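Chemist: Return atomic coordinates for the entry below.
(2 chains)
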Number of protein chains: 2
Amino acid sequence: MLDDVDHVGIATTDLEAEVERYRRAFDIEPVHRETVESQGVEEVLFRAGTSYVQLLRPLGPDTPVGRFLARRGEGVHHVGYRVGDIRAAIKHLERAGLRVIDPEPRPGSRGTTVAFVHPKAMGGVLVELVQEA
Amino acid sequence: MLDDVDHVGIATTDLEAEVERYRRAFDIEPVHRETVESQGVEEVLFRAGTSYVQLLRPLGPDTPVGRFLARRGEGVHHVGYRVGDIRAAIKHLERAGLRVIDPEPRPGSRGTTVAFVHPKAMGGVLVELVQEA
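Modeler: Next comes the predicted model:
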């Protein structure tokens, strides 16, 4: 059911400095940049094999990533797992008694369809299910 | 230089309960279990495509993962990136001015060779470089 790690989502206060850090550290260039208003973030993606590193800047303090930064500081915000059939995955999680934040999947970046699972249901990890376009 | 996400390392207080949670949530079975005394952890791995989910139990409170749990609670502890040549990767990071915790790589689990990069050098993310056996 877990086809791959789709991405590691990292919350940052200074997106451009963080992009520059990853460029220098790993000698890689960003492959995608997108503002996702519905999720209150601007994101920059770097490829790491079949996965992405996703750097996230909140569009304001009263957004999920803005609140995360105020509470926990910079660091890993969530882990995205690639699934083949997101509706089937949601149903499976719900049948297993796990609290899905988005019982109805919604549009993510890059034309994906996504759904978040509550961190309290996943041992403190905010999990995102990602079905590719 | 980043060949792939090797694993997402998740700190947990109750390893068996967490293993059971991942089994139920994603209908997957563990593929590896190992105690790494030098890192003070017992780990269980699940496959997610070309990556792993790594559940970590500290062997005691006075270990890196034990201290992390006391300070931050359960959640993502570190991100492991697969590299082809770990010594070259360490040199590259050091030349970029980033603080590598292990300038001399050391044995990880599954016969890998690993080196950690300081979270202060990586925007709050504890990064592990992993060269496969």
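
Chemist: what's near enough to touch residue A:3?
Modeler: A:81-84, B:48-49 (CB atoms under 8 Å, 6 or more residues apart in numbering or on different chains). C-betas here are computed from N, CA, C, even on glycine.

Chemist: Distance-wise, check it relative to residue A:85.
Modeler: In this view, residue A:3 and residue A:85 are 10 Å apart by CB to CB, to the nearest Å.

Chemist: In ChimeraX, select just the buried ones from the contacts of residue A:3.
Modeler: In ChimeraX syntax, the buried subset of the contacts of residue A:3 is picked out as below (16 or more other CB atoms under 10 Å in any protein chain shown):
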select /A:81,82,83 /B:48,49
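
Chemist: Please enumerate residues in contact with the top helix by length along chain A?
Modeler: Ranked by residue count, the top helix of chain A under DSSP state H comes out as helix A:15-26. By CB under 8 Å, 6+ apart, the surrounding residues in contact with helix A:15-26 are A:10, A:12, A:28-30, A:42, A:44, A:46, A:53, A:55-57, B:1-2, B:81, B:92-93, B:96-98, B:117, B:121-123.

Chemist: Pull up the pairing partners for the following helix or strand past it, direction included.
Modeler: Where DSSP states H and E defines the elements, the next helix or strand beyond helix A:15-26 is strand A:32-36. Its sheet considered, strand A:32-36 pairs with strand A:41-48 (antiparallel) by DSSP bridges.

Chemist: Run through who's touching the helix or strand that comes right after the partner strand.
Modeler: Per DSSP H and E, the first helix or strand lying C-terminal to strand A:41-48 is strand A:51-58. The contact list for strand A:51-58 (CB under 8 Å, 6+ apart) reads A:4-15, A:18-19, A:22, A:31-32, A:40-46, A:64-66, A:68-69, A:77, A:80, B:2, B:4-5, B:50-51.

Chemist: can you rerun that using 7 Å?
Modeler: A:4-12, A:15, A:18-19, A:22, A:40-46, A:65-66, A:69, A:77, B:4-5, B:51 (CB atoms under 7 Å, 6 or more residues apart in numbering or on different chains).

Chemist: State the next helix or strand along the chain beyond that strand.
Modeler: That would be, after strand A:51-58 and using DSSP H and E, helix A:64-72.

Chemist: unless I'm mixing things up, residue A:116 is touching residue A:130, no?
Modeler: No: using CB atoms under 7 Å, residue A:116 is not in contact with residue A:130; the gap is 10.3 Å.

Chemist: neighbour count winner among those two?
Modeler: Between residue A:116 and residue A:130, residue A:130 has the larger neighbour count (other CB atoms under 10 Å in any protein chain shown), namely 24 against 20.

Chemist: Quick check on the more buried one: phi, psi?
Modeler: With angles defined as degrees, to the nearest 10, residue A:130 sits at phi -130, psi 120.

Chemist: so what's it up against?
Modeler: Contacts for residue A:130 were tallied using CB under 7 Å, 6+ apart; they are A:6, A:80-83, A:108, A:112, A:114.

Chemist: how close does it get to chain B?
Modeler: Residue A:130 sits 12 Å away from chain B, going by CB to the nearest CB, to the nearest Å.

Chemist: Having no further points to raise, I will conclude here.
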